[in-house]
Structures are given as C-alpha cells and as structure tokens.
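Chemist: Dropping a prediction and its sequence here:
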Amino acid sequence: MNNIEKKLAVLKPTKEPEISPEFDFVDTGYGKNHIRLLHIKREGPTHYIKELEVNTRLTLDSKKDYLVGDNSDIVATDSQKNTVYILARQHGVKSPEEFGLLLCSHFLSKYPHVMKAKVCIEELPWERMNSDGQPHNHAFICTPKATRFSSVTFQRGELPEIESGLKGLRVIKTTQSAFEHFIHDEFATLPDLPERIFSTVVYAKWNYASTQGVDYDLAWNTVRDCILDAFAGPPDVGVFSPSVQNTLYLAQKRVLEKIPQMSYIETALPNKHYTAIDFSNFNGMSQNIPNDEVFLPTEHPAGNIRAVLGRKSLLPQVFPPKTMQSKL
Ligand SMILES: O=c1[nH]c(=O)c2[nH]c(=O)[nH]c2[nH]1
C-alpha cells in the first residue's frame, strides 16, 4: 500500500471502528443552530410572513466520524442549513410543527444512514398591523406577547414526536391572589399574604399522543387562552388564586380537557415578586393614602413553580415523556 492508500484505509474502514473499552457514547448528534429565515407568501396584495429560527440535529448509524475522523457519512451542518432554506422555498412554512416534520422526514428519506433527526424551531411573534381598524395588506408588528416554539424528533422506524410550546408570556394581576397557611417554622419570615400581586412569565411545553387531525395553530392559541383565563378570570371580578401551584394546575387541566390529542403539558410559572416599599421611615409622608401603593419589582430570586400534568390513560407509554425524565 502506498501512503495515500494507507491514509484512505484509515479513513474508510469497512466495519464500525472500535470504541475505547472504558467508554461509550450516551448520545451523539450534530447540526446547525440559529438558522434564521423570513418566509413571505404573496397572494395578490395580501402578504403573509413567518420568521423562524431553526436548529437541526442529525444522529447517524455510525460513530466513525467521532471515533476516527471519517467524515464520509456526514451531512455537513452547512448543507443542513441550506436544506432549511430550500425546503422553505419549495414548500412554504405553515406552522413550526409542520415545517419541523417536513425537515425531519426529508433528512430521514434522503439519507438512509440518518437514524434520528431533530428540528427545533422558534417563531418570531409577527402580527398583521391594523390601520384604521382594517388589517394591513403587508405591514406587520412584532408583539412579544409570547414566543412560539416547537421541536420535532423523528427516529427511523418510529412515529415522529412533536412538542410545542410557548414562552415569555408575561402577565400581572393586582388582586385576587393570596399565599397563606404554608409552614411557619423557624425558617419562615414571609407572613401569610391574604392579598398580593401575582406576576409571572409563562413557559409551557406539551406533546401529542396522536398528531391525527391536530390543528397546531389552533392548539397553540387554545393553550395560551386557557392559561390566561385560569390566571385572570372574568374581566369584572377576576378569579381567586390561593397559590401559583393551584393556578398552574387549573390552567393545565383546562388545556388537557380542551385538546384531546395532547398527552402531557409541562408548565413553569416563575413567581415574579413585587414587594411593598415601606414608607414609614419617610418624615412628613402622609400614611393615609389608601389607594396608591408603590412596589419594588424584584427579578431575582424568583420562586419557580412547575409541574407536568399528563393523562393517566397514557401511562406508561408516553408518561412521563422521555424528554422530561432527565429533568424530573
Ligand atoms: O404561590 C406561591 N407558592 C409558593 O410555593 C410560594 N413560596 C413563596 O415564598 N411564595 C409563594 N407563593
């Protein structure tokens, strides 16, 4: 063998190279992160836009790229990026879930040695502008009411797993919230609070036991509406919250009742504290201002209240979901 042949023999072994006897891979995968794109669909004068940030990740049937530097099976991360642009151009972008599914299916069918494709997508919250009460044909406003995200994982030979979510939905209410009767021992300084401000930044993630007939856009809006309803209640009187935990559960229950295909929902509601400023030390300050109060917004530390609620009927196949186990 000449030198070039020797080099090729190292780079192109006929069978899977041996891994060190002491170690094994728990997971592998490589892809491109932060692939950004704006997709415009023009129907005459009316235009529709979707701006996405996409992360891709592929897992191959061989580890030879990691073990011996044999790149011959690698779908370059640069090619993965190009694939995102090309499929957006060819097929358009309906929802993050459907676009993620399209990408995963493409990677699995085009490359037989790709065993798993995972695509995570975040959508920018563009909304059509209204001018004089009329929806604008081609102008949009970014309304960071909540960020939508999704993650599609497609393992060869299995059904795709679709997760959807929302984050960054910040809300506050100025009454109808309390926190009382918790453990008052030698570690407690917080008094019972029969009346307090309740503010949080909602994070929610869910998956579907079946994707048959799921309208992903409708589902996402339903989740947001259920969470907001459970938090705020009717506009005139609101709804009483004895704790963040209880409000969180009631919101999740409402969501699972409304969307039958959903198998679980994970929700985190950080408790953004607002503490009353003590004016008693200020000289000459009237103590009799009954309605005006001033509070100090405190970003950190924040209570972090979280739960995953799933359907008992789906035990044990999908609950607790695989993706959650590491975090439980
Ligand atoms: O709704 C709440 N749940 C808690 O568990 C908690 N803990 C805390 O200090 N404040 C609150 N509020």
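Modeler: Perfect, I can see it now. Residues are numbered from 1 along each chain as shown.
Chemist: which stretches of this protein form helices?
Modeler: Per DSSP state H, the chain has helices spanning 3-11, 64-68, 77-91, 96-110, 216-232, 244-258, 322-325. These are given in chain order.
Chemist: right, and those helices - which one's nearest Ile183?
Modeler: Of all those, helix 244-258 sits nearest to Ile183, with 14.1 Å by Cβ to Cβ. (Glycine included, C-beta is placed from N, CA and C.)
Chemist: Not counting sequence-adjacent ones, nearest residue to the spatially most central residue of the chain?
Modeler: Central residue of the chain (Cα atoms, centre = their mean): Gly165, 3.8 Å from the mean position. Among residues not flanking Gly165 along the chain, Lys205 sits closest, at 3.7 Å (Cβ to Cβ, 6 or more residues apart in numbering).
Chemist: Please name the bridge partners of that neighbour.
Modeler: With DSSP bridges applied, Lys205 shows beta-bridge pairing to Gly165, Glu266.
Chemist: Near the ligand, which residues of the stretch 101-250 of the chain are found?
Modeler: Proximity of the stretch 101-250 of the chain to the ligand (Cβ under 6 Å from any ligand atom) is limited to residues 179, 190, 243-245.
Chemist: coming back round to it: can I get the helices of the chain in JSON lines with mean pLDDT?
Modeler: Output for the helices of the chain, formatted as JSON lines (pLDDT from 0 to 100):
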{"stretch": "helix 3-11", "mean pLDDT": "55"}
{"stretch": "helix 64-68", "mean pLDDT": "94"}
{"stretch": "helix 77-91", "mean pLDDT": "97"}
{"stretch": "helix 96-110", "mean pLDDT": "98"}
{"stretch": "helix 216-232", "mean pLDDT": "96"}
{"stretch": "helix 244-258", "mean pLDDT": "97"}
{"stretch": "helix 322-325", "mean pLDDT": "47"}
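Chemist: any idea which of these is most buried?
Modeler: helix 96-110 (a mean of 21; mean count of other Cβ atoms under 10 Å).
Chemist: So which elements touch it?
Modeler: strand 46-60, helix 77-91, strand 114-123, strand 147-155, strand 161-173, helix 216-232 (3 or more Cβ pairs under 8 Å, 6 or more residues apart in numbering; DSSP states H and E).
Chemist: Tell me which of the ones you listed lies nearest to Pro301.
Modeler: Taking these one by one with Cβ to Cβ, strand 161-173 is closest: 17.6 Å.
Chemist: ok, back up a step: with distance to Ile277 as extra columns, can I get the helices and strands packed on helix 96-110 in TSV?
Modeler: Formatted as TSV, the helices and strands packed on helix 96-110 follow (distance: least, Cβ to Cβ, whole Å):
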stretch	distance to Ile277
strand 46-60	39
helix 77-91	50
strand 114-123	37
strand 147-155	32
strand 161-173	17
helix 216-232	25
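Chemist: Under the pLDDT cut-off, which ranges of this protein? List them.
Modeler: 1-14, 284-292, 315-328 (pLDDT under 70).
Chemist: try 90
Modeler: For the chain, the stretches with pLDDT under 90 are 1-16, 18-24, 131-132, 143-145, 209-213, 275-295, 298-302, 312-328.
Chemist: Show me it divided up by domain.
Modeler: Listed by the TED database, the domain ranges of the chain are 28-158, 166-282+290-314.
Chemist: Tabulate those domains in CSV, adding columns for distance to Glu22.
Modeler: Formatted as CSV, those follow (distance: least, Cβ to Cβ, whole Å):
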stretch, distance to Glu22
domain 28-158, 14
domain 166-282+290-314, 36
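Chemist: my guess is Cys226 meets Leu256, correct?
Modeler: No. The criterion here is Cβ atoms under 8 Å, and Cys226 misses it with Leu256 at 9.2 Å.
Chemist: if we can go back for a sec, including distance to Arg156, could the helices of the chain go into CSV?
Modeler: CSV is the format used below for those (distance: least, Cβ to Cβ, whole Å):
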stretch, distance to Arg156
helix 3-11, 25
helix 64-68, 18
helix 77-91, 17
helix 96-110, 6
helix 216-232, 23
helix 244-258, 30
helix 322-325, 16
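Chemist: Dihedrals phi and psi, Phe25?
Modeler: The phi and psi values for Phe25, taken as degrees, to the nearest 10, are phi -70, psi 130.
Chemist: any idea what sits nearest it, other than its immediate chain neighbours?
Modeler: Lys63 (6.1 Å).
Chemist: and the gap between the one you found and Phe99?
Modeler: Applying Cβ to Cβ, to the nearest Å, the value for Lys63 to Phe99 is 29 Å.
Chemist: now swap in Gly310 and tell me
Modeler: In terms of Cβ to Cβ, Gly310 sits 26 Å off from Phe99.
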